[in-house]
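Chemist: here is a sequence with its predicted model. Questions after.
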Amino acid sequence: MLIRFVLASLLAGLALSATAQDTPGALVEARTKAVVSTLAAQRAEFRADPAKLSAYVREQLETLFDREYSARLVLARHARSASEAQITAFADALTENLLRRYGDALLEVEGDLGVRIRAETPLRDGKMMRVSSEITRPGQPSVPIDYLFARSADGWRVFDVIVEGVSYVQTYRAQFDALLRTRTLDEVTRGLVEGTVSVDE
């Protein structure tokens, strides 16, 4: 169940439209609220047309989530001998695989969710930023979510999300490391595309 919340956080919370003046914390707060509102308002429409939901999510993802850098971190040592094309193919395949398996989790996102920014912590001389936040839900405990940003030529981009202390990157790094000990990266990528390889919740 945790991975469903992680994915919802990645797809909704990270669907950010950055400007030069926005800090990572401001991006998380403003865009999480906006996207959660959109999901709640268009829930029936998205349920009736899953392709429209997928298109919306893909469009939002492109704005800030650095899939390729995140994929490199997931692959860890296995990325060292991989080409740029292989990294891109793996990043795309992993995203599509997760969308197929867990995209419907977004339809359960409620419009009364709130977000509170607790802290922004500069890392690596300001080249990275950790945004500590929490999702608030009426009558339920808040859920801590930290976002890791890296500064790029295009501005701040997210590469990892940590939900209740569990890192998206580290979770998948362990799973794919086990797979890549017995298969090539191309085989694993092809398996993700074909649905014969999947990640655990």
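Modeler: That came through fine. From a predicted model like this one, the values you see are computed outputs, not experimental measurements. Numbers count the residues shown, from 1 in each chain.
Chemist: next secondary structure element downstream of the top strand by length along the chain?
Modeler: In the chain, taking DSSP state E as the definition, the longest strand is strand 140-152. Using DSSP states H and E, the next helix or strand after strand 140-152 towards the C-terminus is strand 155-163.
Chemist: state the mean pLDDT of that following strand.
Modeler: Mean per-residue pLDDT for strand 155-163: 88.
Chemist: so which bits of the longest strand of the chain are buried?
Modeler: Of the residues in strand 140-152, 145-150 count as buried by neighbour count, 16 or more other Cβ atoms under 10 Å. Glycine gets a C-beta too; all of them are placed from N, C-alpha and C.
Chemist: I'd like those as JSON lines, with pLDDT and distance to residue 22 appended.
Modeler: Below are those laid out as JSON lines (pLDDT from 0 to 100; distance: Cβ to Cβ, whole Å):
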{"residue": "145", "pLDDT": "88", "distance to residue 22": "18"}
{"residue": "146", "pLDDT": "92", "distance to residue 22": "18"}
{"residue": "147", "pLDDT": "91", "distance to residue 22": "13"}
{"residue": "148", "pLDDT": "94", "distance to residue 22": "16"}
{"residue": "149", "pLDDT": "94", "distance to residue 22": "11"}
{"residue": "150", "pLDDT": "93", "distance to residue 22": "15"}
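Chemist: as TSV, those residues with distance to residue 106 would be great.
Modeler: What follows is these, written out as TSV (distance: Cβ to Cβ, whole Å):
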residue	distance to residue 106
145	15
146	20
147	18
148	22
149	22
150	25
